[in-house]
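**Student:** sequence and predicted structure are below.
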Amino acid sequence: LSPRYHRLAEVGCVEIAGGRITGNYFHSYINPCQRMTRGAQAVHGLKDEFLATQPTFGAIAQRLLYFLCGAVLVGHNLTFDLNFLDAGLVSAGFMPAARYCAGVIDTMRHLAQRGSRRRFSLDDLCDRLGVRRGERARHGALEDAVLLAEAFVAARRTHPSLGDHGAHRCTLRHLGHHPGLLWYCRLRRTSGRTITWCCAC
């Protein structure tokens, strides 16, 4: 999949604060305004008929950014997800996601075993940290964000710096054409929030 040709069909985010999952989350299905590829549909099970009834990314972008603002954004293989998220934000008139967040952490890069060439999936991470993931036949953005949140909380017990110095810090500049976001991001910049993120394309 490529953000040049494909679009987000689902986003899921889970909030962590004070070292625990707060219960706050953001989830939305998205109308990508294009037909789903067979390969993608086999992974997440989202059908064109269902997605056609959902809001476009532009319709949810500001609510999503209000949820993400000022937090450290955590994802597994986050670069892949960010490419699609940024493509959607730019098309909706916003700046890339890193401009709104206090930092970003890719758990695949930070927690992979050094020297290993084996693909390090979210399932592998959960198994290593003892997070129960059940039997998942399909990939769902919110379900995966919940699993990642549980894994991240578990990982911080053995990697306490993961949520502090492990984050790549970003600046809050050029926040697009919605000035209210600038005030909101500054307000939440030191709130200590972490958001785990997952998407389906």
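**Tutor:** Nice, thanks for sending it over.
**Student:** in what helix or strand does Trp197 lie?
**Tutor:** strand 193-200 (DSSP states H and E).
**Student:** spit out the contact partners of the residue most central in space within the chain.
**Tutor:** By C-alpha atoms, centre = their mean, the mean C-alpha position of the chain lies nearest to Trp197, the distance being 2.0 Å. Taking C-beta atoms under 8 Å, 6 or more residues apart in numbering as the criterion, Trp197 is in contact with Val11, Gly12, Cys13, Leu68, Leu73, Val74, Gly75, Leu78, Asp81, Leu85, Ala145, Leu148. C-beta here means a position set from N, CA and C on the backbone, and glycine is covered the same way.
**Student:** the first one against Ser28, yeah?
**Tutor:** Yes - A contact is recorded between Val11 and Ser28 when judged using C-beta atoms under 8 Å, the distance being 5.7 Å.
**Student:** neighbour-wise, which of those two wins?
**Tutor:** Taking neighbours as other C-beta atoms under 10 Å, Val11 and Ser28 compare with Val11 leading, 25 against 19.
**Student:** how far off centre is stretch 149-157?
**Tutor:** Distance of stretch 149-157 from its chain centroid, counting by C-alpha atoms, centre = their mean, to the nearest Å, is 16 Å.
**Student:** where does pLDDT dip in this structure?
**Tutor:** 1, 3, 37, 39-45, 112-119, 135-138, 160-191, 201 (pLDDT under 70).
**Student:** which stretches in it count as helices?
**Tutor:** 38-44, 48-51, 57-68, 78-91, 107-111, 122-129, 141-158, 180-188 (DSSP state H).
**Student:** on that earlier part again, the strand holding Trp197 vs helix 141-158, what angle?
**Tutor:** Interaxial angle, strand 193-200 versus helix 141-158 (axes from the mean of the first three to the mean of the last three C-alpha atoms, to 10 degrees): 140 degrees.
**Student:** just the CA trace of strand 193-200, in CSV.
**Tutor:** What follows is strand 193-200, C-alpha atoms only, in CSV (Å, rounded to 0.1, in the frame of the first residue of the first chain):
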residue,chain,number,x,y,z
ARG,A,193,-0.5,12.1,27.8
THR,A,194,0.5,9.3,25.5
ILE,A,195,-1.7,8.1,22.7
THR,A,196,-1.3,4.7,21.0
TRP,A,197,-2.4,4.8,17.4
CYS,A,198,-3.4,2.3,14.7
CYS,A,199,-5.0,2.6,11.4
ALA,A,200,-6.4,0.5,8.5
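**Student:** tell me the contacts of Leu78?
**Tutor:** Val104, Ile105, Asp106, Thr107, Met108, Trp197.
**Student:** and it, how close does it get to Met36?
**Tutor:** When distance is defined by C-beta to C-beta, to the nearest Å, Leu78 is 23 Å away from Met36.
**Student:** now swap in Val72 and tell me
**Tutor:** 31 Å.
**Student:** so which bits of the lengthiest strand in the chain are buried?
**Tutor:** As assigned by DSSP state E, the longest strand anywhere in the chain is strand 20-29. Neighbour-count burial for strand 20-29 flags Ile21, Tyr25, Phe26, His27, Ser28, Tyr29 (criterion: 16 or more other C-beta atoms under 10 Å).
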